[in-house]
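1. All I have is the shape, not the residue letters:
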């Protein structure tokens, strides 16, 4: 089966190497397309492969498979459209493309009788989309959660060791983990794109990733990791989506990205470095978790080439379309226990005032923690709150923000509860 | 697509419920076959379903799909053969059947143009076979390891809390975890059957599960869990298989089941209760891990029905046969660091004598651990040994067994090393 690669960066090169080393009997690499392709030439590429920067030139030769690894929306979206229209099946690892235009491109692929696959767009080498679509096909999934951003995990892991946020971020940059502009990683926008793809695949709900509420992890300090450890937890950037009700006509789902306290025994706590984890909870099968390398050329290439092999095997008979995901509105109206860290200029009555503000919103306080030895002019203390709606908590925090004892704004983090489905 | 269920126990009933509740549009349950079927009748089954104890009666009606959930080899093997010969595709969760006769039955299915699937036979609801076969299809997997037996995990978890082996086993029985005769669970034979299936799927090596070397966990005492914790580990019954060399003509693989020390941060350490975990290591993608419920009617039913849906979707065009696994010999000739606990009547020279026996086999001692306050007439102490071949260690232990200071036989456990592919 003839194969063209659009985009010859780290992942593109890893795909080419894997195809040539292991799958040359099934997949014949015929084209490499990249802007300014001359500087991309590598000596290990077989003769006869066409190097070009013109995607029309590629499509004119009618490859049956096109791999899109350019990243970004423009011109990737147009190239993928053109490829599908030309009758090629497309495999992409471009999370932004799939999150924003997946529905439209899947519809086009279906109309043309070809396939669009994107395992590599979520959690790199972890074959989670396939496992959800096929291996758990019989279940009704009600919740999906993941730690999907390696930069955030790296930074939080370093902060567990006592590093400041700034030092940990500098370290991530030095190691090439973090982009020059890591804001999508830190704010949660990167994870939100992956969550939108997981929501469509696992929950069959199509959501707009721009509507997913995100909170940045920039306010977190090493002291929060210490308090978290005291509570049997760590902190990770968690993305989750869940059905709000059993009623299939209820077309709103919860989907948020939050730095959150995660119990040490939760699968979500068990990732370090560039590992990703995705957990899904099914009505019948309970919780299943998938771990692996979330980034890097070779793991992502495994996902891309596995998609190519699946299409090649089915050539001429694309898989029956799964049910089209239902377009759904997104809410951040979840309930959870919460962690709130205050930093105050100490004086009598602070806890009473804060407690009253929580009580006014019907929020129960679980515990108050304070480490000895802090200066009273800049005193940190932590409250943990019983399960409550985030909206109520926000209202209470708005009232508390008016109080005059704050030295810096409070840090509010949800606490992930052990899965109901966990064993 | 018409569906017959052979075997209407816990899993069979869960399969029927799931099909009726969620997949009645695709799968039509037409037959339930069980010995003494009258006592199996349930009120929630639709009229028109044929209840019978005669498998020939079922096959005469030509169901397209047959689910085999009888367990055991006889008469399951013959029934599955007959079903495949009649032109039905078969889904089974019967690990003994697949481990012993999978190759023969797959060959028959291929010859008849039908499918045989068995996701439910390994790790219950965890879709690991599918993830390996499809999602990691592009990789070359070199190692597979798992914690695959819930009874063992339950017992070891309880022993972590200080319970004796006997009490933990009694608890497992009281909860219905352990069978009346749990010897296959404790000796590792149950895990060995699952390992043989994983070896064929992940490593493409067909091995005879009777050839897999197993060691029982019955010698383990709570003190071993305490020493393990001191070493940053826990103890789990680990089953693993790995290619011995990169040479595809080398047709011997390592495959063993051992109670082993597992570092706390390893995915293998992170299972409790009836959870299962499987990790695979690929040449390209590194380590990927799959967690979920390893037993129970509903999770296993998800695996079985997902297999049914996959076959139904492909009806009339079975999946292209993967390469046939190469028949391989099994070796237990692995190398690992080891933990050895001695219980001795103390006297001078014991450590010197033991150390000399290890030195004679070129085995290096890493550490010697001893808790204070034990009676010298029955003194436990632990040695950890650098990576060595098990065969060498066995030779050293044979020499040490001749020494006269033992109060009880030493306990020898390999220590699982962090994966080379782990992040």
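-> The structure has been received and is ready for your questions. None of these values were measured; they are calculated from a predicted model.
2. drop to CA atoms for contacts and neighbour counts, all remaining ones
-> OK.
3. quick one: the helices in chain A?
-> Taking DSSP state H as the test, the helices found in chain A are A:10-22, A:55-60, A:76-85, A:95-112, A:128-130, A:150-160, A:165-174, A:183-187, A:189-198, A:222-230, A:297-313, A:350-360, A:390-401.
4. quick one: which of those helices is nearest chain B?
-> Relative to chain B, the nearest member of the helices of chain A by C-alpha to the nearest C-alpha is helix A:297-313, separated by 3.9 Å.
5. Just the buried residues of stretch A:254-267, please?
-> Neighbour-count burial for stretch A:254-267 flags A:254-264, A:266-267 (criterion: 16 or more other C-alpha atoms under 10 Å in any protein chain shown).
6. pLDDT and distance to chain B added to those, as TSV?
-> Formatted as TSV, those follow (pLDDT from 0 to 100; distance: C-alpha to the nearest C-alpha, whole Å):
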residue	pLDDT	distance to chain B
A:254	95	23
A:255	96	23
A:256	97	24
A:257	98	23
A:258	97	24
A:259	98	22
A:260	98	21
A:261	97	19
A:262	96	15
A:263	93	13
A:264	88	10
A:266	88	9
A:267	89	8
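7. Of the residues you listed, which belong to strands?
-> Assignment to strands by DSSP state E places the following of those there: A:254, A:255, A:256, A:257, A:258, A:259, A:260, A:261, A:262, A:263.
8. Going by distance to residue A:283, which of the residues you listed wins?
-> residue A:254 (17.1 Å; C-alpha to C-alpha).
9. Tell me who's in contact with the closest one.
-> A:240, A:241, A:242, A:243, A:244, A:330, A:331, A:332, A:333, A:334 (C-alpha atoms under 8 Å, 6 or more residues apart in numbering or on different chains).
10. Pull up the gap between it and residue A:149, please.
-> Plainly put, residue A:254 is 20 Å away from residue A:149 if you go by C-alpha to C-alpha, to the nearest Å.
11. Equivalent analysis for residue A:26, please.
-> Taking C-alpha to C-alpha, one finds residue A:26 at 33 Å from residue A:149.
12. More neighbours: which of those two?
-> Neighbours were counted for residue A:26 and for residue A:149 using other C-alpha atoms under 10 Å in any protein chain shown; residue A:149 has more, 30 against 15.
13. Contacts only, for the more buried one.
-> Here residue A:149 is in contact with A:185, A:190, A:191, A:237, A:274, A:276, A:294 (C-alpha under 8 Å, 6+ apart).
14. Repeat the analysis, applying 7 Å as the threshold.
-> A:185, A:191 (C-alpha atoms under 7 Å, 6 or more residues apart in numbering or on different chains).
15. same check, this time on residue A:334
-> Applying C-alpha under 7 Å, 6+ apart to residue A:334 gives the contacts A:254, A:389, A:390.
16. Which pLDDT value belongs to it?
-> We have a pLDDT of 92 for residue A:334.
17. Look up how far residue A:336 lies from the residue minimising distance to the centre of chain A.
-> Most central in chain A under C-alpha atoms, centre = their mean is residue A:191, positioned 3.1 Å from the mean C-alpha point. Residue A:191 sits 20 Å away from residue A:336, taking C-alpha to C-alpha as the criterion.
18. how close does residue A:381 sit to residue A:223?
-> According to C-alpha to C-alpha, residue A:381 stands 10 Å off from residue A:223.
19. Disregarding residues adjacent in the polypeptide, which is nearest to residue A:135?
-> Closest residue to residue A:135 apart from its sequence neighbours, by C-alpha to C-alpha, 6 or more residues apart in numbering or on different chains: residue B:127 at 4.8 Å.
20. How many neighbouring residues does the one you found have?
-> Count around residue B:127 with other C-alpha under 10 Å applied: 30.
21. show me the contacts for it.
-> A:131, A:135, A:136, B:119, B:303.
22. Would you list the phi and psi of it?
-> phi -80, psi 60 (degrees, to the nearest 10).
23. Using CSV, please lay out the contacts of residue B:127 together with distance to residue A:398, neighbour count and pLDDT.
-> As requested, those are exported to CSV (distance: C-alpha to C-alpha, whole Å; neighbours: other C-alpha atoms under 10 Å in any protein chain shown; pLDDT from 0 to 100):
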residue, distance to residue A:398, neighbour count, pLDDT
A:131, 43, 24, 91
A:135, 45, 27, 88
A:136, 43, 29, 92
B:119, 52, 27, 95
B:303, 48, 34, 95
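24. Hmm, residue A:219 and residue A:187 touching each other?
-> No: in this structure, residue A:187 is not within contact of residue A:219 by C-alpha atoms under 7 Å, at 10.7 Å.
25. which of those two has more neighbours?
-> Each of residue A:187 and residue A:219 has its neighbours counted (other C-alpha under 10 Å); residue A:187 has more, 21 against 13.
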